[in-house]
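From the sequence below, what's the structure:
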Amino acid sequence: MAFVGSGSFAVTKSSVPATCARMLAEENSTERRDFLKSVLGAALAMTVPASAMAEVEYSGVPYLGGSDKVDVNNANIRVFQKFPGMYPNIGRLIVKNGPYKDVSEVFQIQELSAAQKEVLKKYENNLIALEPRPEYEIDKINNGLYR
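Numbering: from 1, shown residues only. Modelled structure (predicted):
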C-alpha cells in the first residue's frame, strides 16, 4: 500500500490552554535568570577594582641583576657571575642560607671559608638585603635559563 499525495501536516498551537502552574513556572525561571544575572554582575563588579590594585612591577627588579647592586634575598644564583670569585660557590651559599635582614648576616654563614669571606668583603657594597618576595623564591637556584 502506498500513500500518494500531499499530506497536510501543519503545526498548530496547542488547544490546551496554559495552566496557572505552567505560566508560573515560566515566570519563575525568567525571574531566577534575571536574579542570577544581577548577582553575577555585582560579583564581577567587585572583583575588577581588586585586580586593579595588584602590584604590576616590583620596585626591586633592578636589584635582581640589572644594576651594580644585587639583592641577596631575591636574586638568582647566576646574578653573582658579575662578581668574579662569587659564582657558583659563594652565590650558592648566599642563596641557600637566606633570607637576611642585613647584608652583614651573610658573613655569618658557617660554610664560608676565610678566602670566601675576603671575596665577599670585596663586593659587600654591591649587595643589598631587601624584603624576601615569594614570587622570586622558587627561581633562586634554577631560573630555567640554559645556555
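
Where do the domain boundaries of the chain fall?
By the assignment in automatic domain parsing, the chain contains the domains 18-54, 61-137.

so can I have CSV of these showing mean neighbour count and mean pLDDT?
Glycine gets a C-beta too; all of them are placed from N, C-alpha and C. CSV is the format used below for the domains of the chain (neighbours: other Cβ atoms under 10 Å; pLDDT from 0 to 100):
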stretch, mean neighbour count, mean pLDDT
domain 18-54, 9, 67
domain 61-137, 16, 92
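
and S113, what is it in contact with?
If you count contacts by Cβ atoms under 8 Å, 6 or more residues apart in numbering, S113 has none.

any idea how far it is from R133?
Here the criterion is Cβ to Cβ, to the nearest Å. By it, S113 lies 30 Å from R133.

same thing with F83?
Distance, F83 to R133, by Cβ to Cβ: 22 Å.

now swap in N126 and tell me
For N126, the distance to R133 - Cβ to Cβ - is 20 Å.

again, but for G41
Taken as Cβ to Cβ, the span from G41 to R133 is 35 Å.

same question, P84
The gap separating P84 from R133 is 27 Å, by Cβ to Cβ.

repeat for V79
15 Å.

wait, doesn't D68 sit right on N126?
Yes: between D68 and N126 there is a contact under Cβ atoms under 8 Å: 5.9 Å.

how about the strands in the chain?
70-71, 127-128 (DSSP state E).

distance of Q110 from L93?
Q110 is 9 Å from L93, by Cβ to Cβ.

Would you map the helices across this structure?
Using DSSP state H, the helices of the chain run over 20-52, 89-97, 114-122, 134-137.
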